[in-house]
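A.B. asks: sequence and predicted structure below; questions after.
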Amino acid sequence: MTPRRLVEDDAAWDAFVAESAMPSYLQATAWAAIKQPNGWSSMRVAAAGPAGPVGAQLLVRRAPGIPWGLGYAPRGPVSASALDAGAVRAFTDRARAAARSRRLAAVRIEPEAPRGEGLEEALTANGWRPVPSVQQDATRIVDISVPEEEVWAQFHRKTRQSITKSERQGIRTVVDEDGSRVGDFYRIHVDSMERQGIMPRSEETFHEMWEHLAPRRMAHILFAESEETGEAVATLFLMSCGPRVMDVYGGTTAAGNATRANYLLKWDAIKRCRAWGYREYDLWGIPRAGIAQFKSGFGGREVYYVGGWELPVGRVGPTVLSGVQAAREWYRRLRGVRQLEHESGA
C-alpha cells in the first residue's frame, strides 16, 4: 500500500491502522470525526519506511490570533512492524514537510513503542524532543487469545474471589446492543468521576463516540445489574481497533462497589471480547495505586511506552505556540480544574 493512498483513502488508512503492530482507535478516521465538533481538524502523514509504510493521523488545532497550529498524533505513528530508526527518519522527513505546508509550529506524537529499546535515541537524532504525555504512557495488556481457563488462571486469587462473590450476590451482566443506554452509562460514569474529583467528558461526546464507532464494531457498552432490582451498578465503555480492545471508560456505584460488581463485569467483558474475536484486552493505563492494584489482579503484562515527543518546525512558531499553551495551562490551574489526561484523546 502506497503512502499516497494512505493519505487520500480513508478506508485504506483504517485498514492499515487495524492491521498495524500498534492498532489504536485514536488513529482511526472515526476518532477524527468525533474530535471535529471540538475544533480539531485532521490530516494524515505517511512515508515509505525501510520495512514498509509508516504514518500518522494528526489532529490539528489552531490557537486564536496566531497563524500557526499544532499537529498531534495520539498513539501514532503506526506501521506494520515495530518502529525503528529507519521508520523514524522517513516519517520525520515527511512530517516536517507536511507541517510546513500546513503552517504547523510543531508536531507531537505518542507512539506505542516500548521504552528503552533505542527509539528514544532515534527520535532525538531526528530533531524530536520529549514532552509530557497526554495519553497514558504505561498500561497493562491481557492476552485473551489463549484458552479461557488460561486467562482465568492469570488472575490474582483475590480477584477470582471477588468475581465469585459478585456472582453469589446476584449480579448479572448485559450488553447494550443499540446504544439506547448511553445515558445510563453516563450517569454511572459521571458519578464515579465526580467522586474522584475528575472532570468528565460531556454526555454528548459519548453519544458521538457511539454514533461513529459502533457501526464499525469499534464500541461496546456493558453493564452489571442487580438481578433482584434490575438496577445498573457498574458499566464499561470499550473501544477497539483490529485485534485489540481498550477498556477506557467505566464507572461503579456505591452498591456496585459493595457487591464487587466491577470485578465480575471486567471478567465478563474479557470473556465476551474473546468470543467476539479480539486477541488483546488493554486495561488502558496504570494510574494511581488503588486502581493499579485492581487492574494488576487481572494479570497481563505491563507495557511502558516512550511517551510524548515534539518536532519543532521553524523557529518563531514553536516559541509563540508554547507561550499560548503555557498561558492556557496557567488559566486552567487558576480555575482549579482537574482533568483525566489519559482520557482526553487530544
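C.D. replies: On my side now, so go ahead. Numbers count the residues shown, from 1 in each chain.
A.B. asks: now do stretch 174-190: distance from first to last residue.
C.D. replies: 20 Å (Cα to Cα, to the nearest Å).
A.B. asks: any idea of the mean pLDDT in it?
C.D. replies: In this model, stretch 174-190 carries a mean pLDDT of 97.
A.B. asks: list the buried residues for that stretch?
C.D. replies: Buried residues in stretch 174-190, counted by 16 or more other Cβ atoms under 10 Å: 176, 179, 181, 182, 185, 186, 187, 188, 189, 190. Every C-beta, even on glycine, is put in place using the N, C-alpha and C of the backbone.
A.B. asks: pick the one among those closest to residue 128.
C.D. replies: Closest approach between the buried residues of stretch 174-190 and residue 128, by Cβ to Cβ: residue 189, at 35.1 Å.
A.B. asks: how far away is the closest one from residue 78?
C.D. replies: 28 Å (Cβ to Cβ, to the nearest Å).
A.B. asks: where in the stretch 151-300 of the chain is pLDDT low?
C.D. replies: Within the stretch 151-300 of the chain, the segments meeting pLDDT under 70 span 287-290.
A.B. asks: could you pull out the strands for this structure?
C.D. replies: In the chain, the strands defined using DSSP state E lie at 41-49, 52-62, 69-74, 78-79, 104-110, 129-131, 138-143, 171-176, 219-226, 232-241, 244-252, 280-282, 301-304, 308-312.
A.B. asks: can you list contacts of the fifth one?
C.D. replies: Counting by Cβ atoms under 8 Å, 6 or more residues apart in numbering, strand 104-110 makes contact with 56, 58, 60, 68-77, 95-96, 98-99, 128, 131, 133-135, 137, 305, 307-314, 317-318, 320-321, all of which sit outside it.
A.B. asks: let's see it at 7 Å
C.D. replies: 56, 58, 60, 68-77, 95, 99, 131, 133-135, 307-314, 317-318, 321 (Cβ atoms under 7 Å, 6 or more residues apart in numbering).
A.B. asks: okay, the buried residues of stretch 174-190 in JSON lines with distance to residue 241 next?
C.D. replies: Shown next, in JSON lines, are these (distance: Cβ to Cβ, whole Å):
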{"residue": "176", "distance to residue 241": "20"}
{"residue": "179", "distance to residue 241": "19"}
{"residue": "181", "distance to residue 241": "23"}
{"residue": "182", "distance to residue 241": "20"}
{"residue": "185", "distance to residue 241": "20"}
{"residue": "186", "distance to residue 241": "23"}
{"residue": "187", "distance to residue 241": "27"}
{"residue": "188", "distance to residue 241": "25"}
{"residue": "189", "distance to residue 241": "21"}
{"residue": "190", "distance to residue 241": "25"}
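A.B. asks: and for the closest residue to residue 128 other than its chain neighbours, the neighbour number?
C.D. replies: Spatial nearest neighbour of residue 128, chain neighbours left out: residue 309 (4.3 Å); criterion: Cβ to Cβ, 6 or more residues apart in numbering. By other Cβ atoms under 10 Å, 24 other residues sit near residue 309.
A.B. asks: which residues does residue 309 bridge with?
C.D. replies: Per DSSP bridges, residues listed as beta-bridge partners of residue 309: residue 109, residue 130.
A.B. asks: mind listing what it touches?
C.D. replies: Residues near residue 309 by Cβ under 7 Å, 6+ apart: 109, 123, 128, 129, 130, 131.
A.B. asks: using neighbour counts, trim those to the buried set.
C.D. replies: Among the contacts of residue 309, those classed as buried by 16+ other Cβ under 10 Å are 109, 123, 128.
A.B. asks: relative to residue 11, which of these is nearest.
C.D. replies: Using Cβ to Cβ, residue 109 comes nearest to residue 11 of those, at 23.5 Å.
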